[in-house]
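Student: how would this look folded up:
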Amino acid sequence: MLLVDFGPGVARVPPNDLLENVTLAPLTPPIASGMSVQAACFRLTPGGRIVRHPATVPQILAVVAGSGWVSGADGREERIEAGRAAFWEAGEGHETRTDDGLEAIVIEAEDLRPFTAR
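Tutor: Purely as a prediction, here's the structure:
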């Protein structure tokens, strides 16, 4: 077994114009390195935002603490809080923001699909 630390102490501010007041702690190597899936813990401080951009592959943002707002292709904001997740298809424009702070696990993969109970 290998334990992976993704706490605030290992989080970093990536050089990325899409992220405002956001740190991330990778859980896997990035897709760009040849991996089929990538995952990271994103922490948005109060007023933080992941600006509108298209998803490169399908992705899930699963909120584990805090709350905020997400939007998809139509730009309409929906409230999101701990225990809920947003899913975006590849190419879909999307944005995430928070007034009070938000922590989420983001998973991205080519064949990713959300689970839906039947």
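Student: Secondary structure element holding the most centrally placed residue in the chain?
Tutor: Nearest to the geometric centre of the chain sits Val106, at 3.6 Å (C-alpha atoms, centre = their mean). According to DSSP states H and E, Val106 maps onto strand 102-109.
Student: Mind listing residues that contact that strand?
Tutor: Strand 102-109 is contacted by residues 27, 31, 36-44, 48, 55-68, 80, 96 when judged by C-beta atoms under 8 Å, 6 or more residues apart in numbering. C-beta here means a position set from N, CA and C on the backbone, and glycine is covered the same way.
Student: Return a PyMOL selection command for the buried portion of those.
Tutor: What follows is the PyMOL syntax for the buried subset of the contacts of strand 102-109, where burial is set by 16 or more other C-beta atoms under 10 Å:
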select buried, resi 27+37+38+39+40+41+42+43+44+48+55+57+58+59+60+61+62+63+66+68+80+96
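Student: Let's see which of the contacts of strand 102-109 end up in strands.
Tutor: Using DSSP state E, the members of those that fall within strands are 37-44, 48, 59-68, 80, 96.
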